[in-house]
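> got a predicted structure plus its sequence, pasted below:
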Amino acid sequence: MHSYASDSKDRQIAHWIIAGSALGITYLYVLISRSFAFIMPWWIETPSIMVVYGVFRWTYDTWLWRQSILGFRFSQIPDCNGTWYGELHSSHGGGTKTTGMLIVNQTWTKTSIQFRTDSSVSYSRMASLNVLPGPSQGLVYEYTNDPSAKSVDTMHAHRGLAFLKLSIDGKILEGDYYTGRDRGNHGSMYLRLLCRALLELEDAKMQYSSLKTKGI
């Protein structure tokens, strides 16, 4: 996984809130231990501010950031974790259409994005996930594409850029992509969230086909 940028306000203040919470919990422990004359066993070290901060930071980064209580979300950053599947329209060869699977593995600060088709797989190199309204809102990532052994001879490794907008309900990613100058292709992508789990390509195909059959 690699870091990703975001203009979310909680990226600016969450670190201070976590640090303040760690300081408060540590101080509360000291007050309680003094009030009740409680002493930790010699083989257990008294928790320090840095230890408590580390635990709080890890909990927020991996889990708490995507939770909500009574409509209040702990982070503005949308949760894109899961398996997405849909259609890709390319300018290659005068216009072609294929299907593919997007796998997103995301924490509050890091992510990894893969896009798989029958003929190739792409891996993200850097990304941003902006939430404030404007032209930069959405998921933007640079990727490296590696063809599979069964792809056509004219297809080779290349770099590209994808720009995807997330729907209000968080179930659709839609946008455009551009490849490097050696290929010079461009196109559009429409991806639907299948589930939060990370599926294999064949399983994702079956689920997507089932949804299409049901007209969902």
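Arrived safely. Numbers count the residues shown, from 1 in each chain.
> and L193, which helix or strand is it part of?
Under the criterion of DSSP states H and E, L193 resides in strand 186-195.
> so for that strand, what's the average pLDDT?
When pLDDT is averaged over strand 186-195, the result is 94.
> other SSEs contacting the host helix or strand of Y27?
Using DSSP H and E, Y27 maps to helix 10-35. Other elements packing on helix 10-35 under the criterion 3 or more Cβ pairs under 8 Å, 6 or more residues apart in numbering; DSSP states H and E are helix 49-62. (Each C-beta comes from the backbone N, C-alpha and C, glycine too.)
> show me the shaky parts of the chain.
Where the chain drops to pLDDT under 70, the residues are 38-47, 93, 148-156, 181-184, 216.
> list the contacts of the residue nearest the centre of it.
Taking Cα atoms, centre = their mean, the centroid of the chain lies closest to Q106, which sits 3.3 Å from it. Contacts for Q106 (Cβ atoms under 8 Å, 6 or more residues apart in numbering) come out as D79, C80, N81, S112.
> ranking those residues by neighbours, who comes first?
When neighbours are counted by other Cβ atoms under 10 Å, C80 leads those with 22 neighbours.
> who touches the residue nearest to that residue when sequence neighbours are not counted in this structure?
Excluding its sequence neighbours, the residue lying closest to C80 (Cβ to Cβ, 6 or more residues apart in numbering) is V104, at 4.5 Å. Applying Cβ under 8 Å, 6+ apart, we find V104 in contact with C80, N81, G82, W84, T111, S112, I113.
> how about G215?
Counted by Cβ under 8 Å, 6+ apart, G215 has zero contacts.
> from here on, count from 356
Happy to do that; since the first residue is 356 now, the last one works out to G570.
> only C-alpha atoms, please: export stretch 424-442 in PDB.
C-alpha atoms of stretch 424-442 as PDB (Å, rounded to 0.1, in the frame of the first residue of the first chain):
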ATOM      1  CA  ILE A 424     -22.600   7.100  14.900                       C
ATOM      2  CA  LEU A 425     -26.100   8.500  14.500                       C
ATOM      3  CA  GLY A 426     -25.200   9.900  11.100                       C
ATOM      4  CA  PHE A 427     -21.900  11.400  12.300                       C
ATOM      5  CA  ARG A 428     -18.900  10.100  10.400                       C
ATOM      6  CA  PHE A 429     -15.500  10.200  12.000                       C
ATOM      7  CA  SER A 430     -13.900  11.200   8.700                       C
ATOM      8  CA  GLN A 431     -14.900  13.000   5.500                       C
ATOM      9  CA  ILE A 432     -12.900  10.600   3.400                       C
ATOM     10  CA  PRO A 433     -15.200   8.100   1.700                       C
ATOM     11  CA  ASP A 434     -14.700   4.400   2.200                       C
ATOM     12  CA  CYS A 435     -13.800   2.900  -1.200                       C
ATOM     13  CA  ASN A 436     -12.800  -0.500   0.100                       C
ATOM     14  CA  GLY A 437     -14.000  -3.500  -1.800                       C
ATOM     15  CA  THR A 438     -14.500  -5.000  -5.200                       C
ATOM     16  CA  TRP A 439     -15.900  -2.900  -8.000                       C
ATOM     17  CA  TYR A 440     -16.800  -4.300 -11.500                       C
ATOM     18  CA  GLY A 441     -18.000  -2.700 -14.700                       C
ATOM     19  CA  GLU A 442     -17.300  -1.600 -18.200                       C
END
